[in-house]
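K.L.:
give the three-dimensional model of this entry:
(one chain, ligands or ions: 2)
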Amino acid sequence: MIKIGILDTTLREGEQTPGVIFTENQRVRIAKMLSDAGVSMIEAGHPLVSEDIYNGIKRIMELKNTGEITSEIIGHSRAVASDIDSAASLNVDRIAIFYGISDLHLKYKTSKTREEVLKIIENSVSHASSYGLKVRFTAEDATRADMGFLRTVIETARDSGADRVSIADTVGILTPEKTKSLFNSIMDIKNIEYDIHAHNDLGMAVANSLTALESGATMVHSTVNGLGERVGITPTQVIAAAIKFHLNVDVMDLTKLAELSNTVEKYSGINNSVNMPITGKYAFTHKAGVHVAGIINNPETYEFMSPSNFNLTRNYTIDKFTGKNALKNKLQSMNINASEEDLIYILDLVKKSPNNFTDNDIVEIMKNIER
Ligand code: COA
Ligand code: ZN
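P.N.:
Numbering: from 1, shown residues only. Ligands and ions are numbered 1, 2, ... in the order given. All right, here's what the predicted structure looks like:
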């Protein structure tokens, strides 16, 4: 079996969604739910950012120390001693140090030469390692960096004590083809494991993340509901389902995804769209008569995985797109005994109406027929 896992960063990247601020209690609750769902790693926040984030991670580490949380807990950090020391003081399992390595970032963010950047990576990673904690280095904006320099960055981070390097597609410009080519160009570097951190600016974060895993990455970053800077990153619920379906690996308990999604929707105040894959209200709701007729015979006709995999239920709507098979099945499911004549009558009403028919509407129609 392939050794891969999910790093959920709802508490770090997810809170970088415009408008989202979690409370300390919400932070702890989300971490506990993610751990119960079996994610390998939780990026719990950047402790130096604010006191409540620091305290939230502190409480998460208390649960980690009593065994109530089992996921590896990560503190985020810039490549500066103050950030690293703050994360280390919480005794997190791992410190993740990021630094923008594209020439654009060097020129316009940090005004550093490539040589200076390598020195900063060496100093910060070895400083974090000196605490005896695991260290990941994140090559921020790796997908716009010079490939030769990226390789040197990876080797420098590894030689300074990092066991993992995250390849961050910070502006979301990868395609699956480019993802594969990038990983093919770094997989020969020995003694390092890769994370993929894919932003969704072109809607390809899931595809790029899956391709990275197929190309040798072993940890995928995701957030519940796909939260994150701008339009967010890979949604946890979608990548977990994709990994199960395409790679047949259980990275987490899929039956916990809907509850996680609802909880994060509530805490974040960001409404889930009804057509969100897997956990959206319509993810397993069918409409067209031809589809529903197929579903009634065998749900696999229009579903690649069953809603029961996610502890969800299948549904279908009744409106002018409905056919007799769907209507008949609907009436049966409501324990309504309708004659063939009734069926034709109801279908005719439905076809002439611009409305969606609820179960109550159908009960009312039957009452009228009886009268
Ligand atoms: N490592 C080291 N330094 C970095 C860096 C990195 N990876 N990325 C940016 N920097 C530097 C910048 O060059 C800039 O330096 P300057 O102060 O000399 O101009 C500074 O960090 C960022 O600017 P600013 O945010 O204005 O500095 P600040 O000291 O007021 O605040 C934070 C720093 C981190 C506390 C604040 O930006 C914050 O709360 N950020 C939220 C977390 C965050 O930004 N995360 C990004 C995750 S990708
Ligand atoms: Zn990001």
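K.L.:
okay, CA-based contacts and neighbour counts for the rest of this
P.N.:
Will do.
K.L.:
assign a three-state SS to the closest residue to Ile346 other than its chain neighbours, would you?
P.N.:
Setting aside the residues directly before and after it, Ile346 is nearest to Ile365 in space (CA to CA, 6 or more residues apart in numbering), at 7.4 Å. Judged by DSSP: H, G, I helix; E, B strand; the rest coil, the three-state class of Ile365 is helix.
K.L.:
how near is Ile365 to Phe357?
P.N.:
10 Å (CA to CA, to the nearest Å).
K.L.:
burial count for the residue nearest to Ile346?
P.N.:
Taking other CA atoms under 10 Å as the criterion, the count of residues near Ile365 is 16.
K.L.:
and it, what pLDDT?
P.N.:
We note a pLDDT of 93 for Ile365 in this prediction.
K.L.:
does it really touch Tyr345, like I thought?
P.N.:
No. Under the criterion of CA atoms under 8 Å, Ile365 is not in contact with Tyr345, lying 9.7 Å apart.
K.L.:
how about the helices in this structure?
P.N.:
Assigned by DSSP state H, the chain shows helices spanning 24-36, 51-65, 81-89, 103-105, 114-129, 147-160, 176-184, 205-214, 236-242, 257-268, 289-297, 324-333, 340-352, 359-370.
K.L.:
got the contact list for the residue in the stretch 151-300 of the chain that ligand 1 sits nearest to?
P.N.:
Per CA to the nearest ligand atom, the residue of the stretch 151-300 of the chain with the smallest distance to ligand 1 is Thr170, at 8.2 Å. If a contact means CA atoms under 8 Å, 6 or more residues apart in numbering, then Thr170 has 140-143, 197-199 as its contacts.
K.L.:
try it again at 10 Å.
P.N.:
By CA atoms under 10 Å, 6 or more residues apart in numbering, the residues touching Thr170 are 100, 139-144, 197-201, 229, 233.
K.L.:
go on, Ser209?
P.N.:
Counting by CA under 10 Å, 6+ apart, the residues that Ser209 touches are 169, 174-176, 179, 195-199, 215, 217, 219-222, 233-234, 239, 242-243.
K.L.:
repeat for Val264
P.N.:
Taking CA under 10 Å, 6+ apart as the definition of contact, the neighbours of Val264 are 10, 14, 22, 26, 29-30, 223-225, 227, 258, 270-272.
K.L.:
where does this protein dip in pLDDT?
P.N.:
When the per-residue scores of the chain are filtered using pLDDT under 70, the ranges that remain are 1-2.
K.L.:
please repeat the previous calculation with a cut-off of 50.
P.N.:
Per-residue confidence of the chain (counting by pLDDT under 50) places the weak regions at 1.
K.L.:
could you chop it up by domain?
P.N.:
Residue ranges for the structural domains of the chain, counted by automatic domain parsing, are given in the record as 5-268, 285-370.
K.L.:
most tightly packed of these?
P.N.:
Among those, ranked by average contacts under mean count of other CA atoms under 10 Å, first place goes to domain 5-268 (a mean of 20).
K.L.:
endpoints of it, how far apart?
P.N.:
25 Å.
K.L.:
tell me how far that domain is from the chain's mean position?
P.N.:
If you compare the mean C-alpha spot of domain 5-268 with that of the full chain, they lie 12 Å apart, counting by CA atoms, centre = their mean, to the nearest Å.
K.L.:
start at 39, not 1
P.N.:
Sounds good: first residue 39 from here, last item domain 43-306.
K.L.:
the stretch 189-338 of the chain against ligand 1: which residues are in contact?
P.N.:
Taking CA under 6 Å from any ligand atom, no part of the stretch 189-338 of the chain reaches ligand 1.
K.L.:
hang on, the earlier thing: mind putting the domains of the chain into TSV with distance to Ile316?
P.N.:
Conversion of those to TSV gives the following (distance: least, CA to CA, whole Å):
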stretch	distance to Ile316
domain 43-306	6
domain 323-408	8
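K.L.:
residue contacts, Ala206?
P.N.:
With contact taken as CA under 10 Å, 6+ apart, Ala206 is in contact with 136, 138, 176-182, 233-237, 259.
K.L.:
now the spatially closest residue to Asn393 that is not a sequence neighbour: how far from Ile384?
P.N.:
Of all residues beyond its chain neighbours, the one nearest Asn393 is Asp357 (6.3 Å), with distances taken as CA to CA, 6+ apart. To Ile384, Asp357 is 11 Å away according to CA to CA.
K.L.:
overlap in contacts of these two?
P.N.:
Between them, Asp357 and Ile384 share these contacting residues under CA under 10 Å, 6+ apart: 365, 390.
K.L.:
who touches Lys325 in this structure?
P.N.:
Under the criterion of CA under 10 Å, 6+ apart, the contact list for Lys325 reads 353-361, 364.
K.L.:
dump those residues to a markdown table, plus distance to Ile227.
P.N.:
Converted to a markdown table, those look like this (distance: CA to CA, whole Å):
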| residue | distance to Ile227 |
| --- | --- |
| Asn353 | 49 |
| Tyr354 | 51 |
| Thr355 | 53 |
| Ile356 | 57 |
| Asp357 | 58 |
| Lys358 | 59 |
| Phe359 | 56 |
| Thr360 | 57 |
| Gly361 | 58 |
| Ala364 | 56 |
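K.L.:
now Glu379: how far from Phe359?
P.N.:
Shown here: Glu379 relative to Phe359, a distance of 20 Å by CA to CA.
K.L.:
please read the previous query as pertaining to Thr213.
P.N.:
Noted for Thr213: a distance of 36 Å to Phe359, by CA to CA.
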